[in-house]
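> Output the structure for:
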Amino acid sequence: MKRLEIVIAIIILATLSSCEPPVTFTEPQPSNTRSLSKFPKRIMGNYKNLKDSSLVTINEKSIIQTYDFDLKQSLKNIDSNFVISGDTAIDTKTNERTFVKIIGDSIIQHFHIIDTIFSIEKQGVLKKFKGYYFINIPYDTNAWQVKKIQLLKGILMLSSIEKGYEIQQLQQITESESDTISYNFNITKRQFKTFIKNDGFINAEFYAKMK
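Numbering: from 1, shown residues only. I've put the predicted structure just below:
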């Protein structure tokens, strides 16, 4: 088993949404649509993921995802550099201390990870179109990652674009050639509307609004 801090790094990298988006657009979408300065009150609030324990908080200017979970492993697998003293794991090389819980022959560590998915104050662009909200996240020069938000009967749907079928749809709609290196699309407002109608943004996560 790897050392505790390496395990932590792996978990953080796996959960945060910092990976390269499969699709980007050359400008915030939909184009030629005014940007909103903040989220409306009906959208703001706390939402619980229906599949895991993560929470999403939407305030006026941002969307924040919070992960709270426990990691359990056998005491036998802990790196020999660590010494357990009460509720603390001590790295004898660096003297770094980590709060843990010991139950039987297992060690449990709690993780609290906060990830900012979207922020207007960090150049993010929010737009509304056809009853949906679209968050535009700057990725690179003239490259924006776009996600779709819909709130219906207390259920928040946060949708993104995946590779494969949706990329083929975008290539057909924009009449662009296949490019195995980059999927950065220049798309008109009408073409974007067509993409939505053709079941674009197929990768969805569902969150229940908390009272």
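
> and residue 201, that's in a strand?
No - counting by DSSP: H, G, I helix; E, B strand; the rest coil, residue 201 is not found in a strand; it is coil.

> unless I'm mixing things up, it is touching residue 159, no?
Yes - Residue 201 is within contact range of residue 159, at 3.8 Å (criterion: Cβ atoms under 8 Å). (Glycine included, C-beta is placed from N, CA and C.)

> How about the contacts made by the nearest residue to residue 176 once chain neighbours are set aside?
Excluding its sequence neighbours, the residue lying closest to residue 176 (Cβ to Cβ, 6 or more residues apart in numbering) is residue 185, at 6.6 Å. Neighbouring residues of residue 185 by Cβ atoms under 8 Å, 6 or more residues apart in numbering: 23, 24, 25, 26, 170, 174, 176.

> Over to residue 124?
Residues in contact with residue 124 (Cβ under 8 Å, 6+ apart) are 62, 118, 135, 136, 137, 138.

> by contact count, what packs against the host helix or strand of residue 170?
For residue 170, the element it lies in under DSSP states H and E is helix 165-174. Applying 3 or more Cβ pairs under 8 Å, 6 or more residues apart in numbering; DSSP states H and E, one finds that helix 165-174 contacts helix 189-197.

> how much does the helix it packs on deviate in direction from helix 165-174?
Interaxial angle of helix 189-197 relative to helix 165-174 (axes from the mean of the first three to the mean of the last three Cα atoms, to 10 degrees): 150 degrees.

> Toward the C-terminus from helix 189-197, list the very next helix or strand.
Next along the chain after helix 189-197, taking DSSP H and E as the criterion, comes strand 203-209.

> Identify each buried residue in that following strand, please.
Judged by neighbour count (16 or more other Cβ atoms under 10 Å), strand 203-209 contains these buried residues: 205, 207, 209.

> surely the second one meets residue 156?
I take that to be residue 207. Yes - the criterion here is Cβ under 8 Å, and residue 207 meets it with residue 156 at 4.2 Å.

> Give me the common contacts of the two.
What both residue 207 and residue 156 touch, as defined by Cβ under 8 Å, 6+ apart, is the set 47, 56.

> Quick check: the closest residue to residue 154 other than its chain neighbours vs residue 116, distance?
The shortest distance from residue 154 to any non-neighbouring residue, by Cβ to Cβ, 6+ apart, is to residue 209 (4.6 Å). As judged by Cβ to Cβ, to the nearest Å, residue 209 and residue 116 stand 20 Å apart.

> Residue 135 now?
Noted for residue 135: a distance of 12 Å to residue 116, by Cβ to Cβ.

> Kindly report the same for residue 109.
Taking Cβ to Cβ as the measure, residue 109 falls 24 Å from residue 116.

> ditto for residue 39
Counting by Cβ to Cβ, the separation of residue 39 from residue 116 is 14 Å.
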